[in-house]
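[1] quick one, fold the following:
(one chain, ligands or ions: 2)
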Amino acid sequence: MYLRHLSLTNFRTYARLEIDLPSKAILLYGDNAQGKTSLLEAVYVLATARSPHTTSDRQMIHWLAGEETLMPAARLVADVTKADRSQHLEMVLMLEPANTEDGWRFRKQIKVNGTIVKAADLIGQIAVVMFLPDDVEIVHGSPANRRRYLDNALSQVDAEYAKAIDLYAEVLAQRNALLKQLAETGGTPDSADQLIYWDDRLAASGALITLRRQSTIAEIEALADQLHRDLTPERHNLRLRYQPAFNPDQPAASIYQPGLNLDLPTRSPGATLEQAKASFLKQLLSKRSEELARGLTLVGPHRDELRFIADEIDLGTFGSRGQQRTAILALKLAEVQWMRQKIGDWPILLLDEVMAELDAGRRAYLLDQINGAHQSILTSTDPDMFTEEFRSRAKMLKVVKGRIEE
Ligand SMILES: Nc1ncnc2c1ncn2[C@@H]1O[C@H](COP(=O)(O)OP(=O)(O)OP(=O)(O)O)[C@@H](O)[C@H]1O
Ligand SMILES: [Mg+2]
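    Ligands and ions are numbered 1, 2, ... in the order given. Just a heads-up that it's a prediction; the model follows:
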């Protein structure tokens, strides 16, 4: 698939942009702070309805947009061409006056072919894989980075998963609020009933999330392992070790032995959704008194961990910077292959300043791996990092102060 046309209004530094894009490699080059990364971000947001950064959503709207109107808004429009059809996507990010602390509420409106849809229905319209310089955080940063990585990859191909993570976050917040209230005040007579209600909802979405993560990690691991062997002269293997905060395979009839750090074998899950839910509920029950004392939910995918092991070494703890980068490159290229298998089409590839981080051999390997993509958009402050051959093949676009010059 590829974007045929992109139009941005008041998106970050782009006050107004209209651009046709070809189905091939596109190199956006230019000095710092001109708008290269912002353009990749716009495509990512159109694909996922989320920013790739953890920054606040409202920062995506041009900061001068509020001066002309009472309702500051950014508008992103794209025409995407896929194997079997083409589609017109439109997203408006807006700030509305509201009765909140700062007087504003952020809202997104999404249209597919002119019809308003929910964010979850955007899933699958555009698929992207993004390579960012700080992706290495996935290996050595906090576990939240790894969970976000899994969520972002999975949500793009699995609408059920995308719905489950949104629901889980909502239920978790409600359940934590109730536990906190119980911890502080002892609660009301019907608090226990309320807890049972939230347990059930937490376990339903939590079980689905855990099982899907388990099978996805197994699929991506198989691909990443091969790529990692190609990328390391010693042909080191790469293992993705999933450590879920509850064991979905735990038979509901047996007694749960609370012990975190359980490693699930990377294979297709053995448990059904019903079994996993029953086991989640059982493990919640076994943690009940601790949860009530601490006022916090202690079981569930919000506490999952994923470790990267190369040649028996945990890269998050002991890997050199170079080893971590190699693992990330293998992981991201595996994600591209995995997504192709899932959607039966090439995702659009977004590569932000990745060449600068790699040695010559790995640059060549990366470009070779993505060579068949229908569209890849790369950024660089220095186009000389790309070979003459690549530059003659690619569409070269210069980015200057929120404008794009051919
Ligand atoms: N909401 C906003 N409104 C207007 N400008 C913004 C907004 N958010 C960010 N910017 C500005 O947009 C400019 C371009 O940022 P961007 O990250 O796209 O640059 P870049 O070309 O990728 O630069 P670098 O080479 O440093 O990575 C920056 O100067 C930034 O301050
Ligand atoms: Mg940038």
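[2] any idea how far the residue in the chain that ligand 2 sits nearest to lies from residue 126?
    The nearest approach of the chain to ligand 2 comes at residue 37, 3.1 Å away (CB to the ion). For every residue, glycine as well, the C-beta is placed using N, CA and C. To residue 126, residue 37 is 18 Å away according to CB to CB, to the nearest Å.
[3] now residue 393
    Per CB to CB, residue 393 is found 23 Å from residue 126.
[4] neighbour-wise, which of those two wins?
    The residue with more neighbours, out of residue 393 and residue 126, is residue 126; 22 against 14, by other CB atoms under 10 Å.
[5] test my guess that residue 376 contacts residue 349.
    Yes - using CB atoms under 8 Å, residue 376 makes contact with residue 349 at a distance of 3.8 Å.
[6] touching both of the two, which residues are there?
    residue 370 (CB atoms under 8 Å, 6 or more residues apart in numbering).
[7] which residue packs closest to residue 238, ignoring adjacent ones?
    Leaving out its chain neighbours, the residue that sits closest to residue 238 by CB to CB, 6 or more residues apart in numbering is residue 228, at 3.7 Å.
[8] helix or strand: which one has the one you found?
    Per DSSP states H and E: residue 228 is located in helix 191-231.
[9] mind giving me the packing neighbours of that helix?
    With contacts taken as 3 or more CB pairs under 8 Å, 6 or more residues apart in numbering; DSSP states H and E, helix 191-231 sits against helix 143-157, helix 159-185, strand 238-243, helix 273-286, helix 321-343, helix 360-369.
[10] including mean pLDDT, could these go into TSV?
    Below are these laid out as TSV (pLDDT from 0 to 100):
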stretch	mean pLDDT
helix 143-157	95
helix 159-185	94
strand 238-243	96
helix 273-286	93
helix 321-343	96
helix 360-369	93
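[11] contacts only, for the residue most central in space within the chain.
    Computing the C-alpha centroid of the chain and ranking residues by CA atoms, centre = their mean puts residue 152 first, at 2.0 Å. Residues near residue 152 by CB under 8 Å, 6+ apart: 48, 50, 52.
[12] now, those residues that are in strands?
    The strands, defined by DSSP state E, take in nothing from the contacts of residue 152.
[13] circling back: let me see the contact set for the residue nearest to residue 238.
    Residue 228 neighbours (CB under 8 Å, 6+ apart): 236, 237, 238, 310, 326, 327, 330.
[14] so which of the residues you listed is the most crowded?
    residue 327 (28 neighbours).
[15] can the helices and strands packed on helix 191-231 go into CSV with extra columns for distance to ligand 2?
    As requested, the helices and strands packed on helix 191-231 are arranged in CSV below (distance: least, CB to the ion, whole Å):
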stretch, distance to ligand 2
helix 143-157, 19
helix 159-185, 27
strand 238-243, 28
helix 273-286, 41
helix 321-343, 17
helix 360-369, 18
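[16] and residue 103, which of those is closest to it?
    Nearest to residue 103, of all the helices and strands packed on helix 191-231, is helix 159-185, at 23.2 Å by CB to CB.
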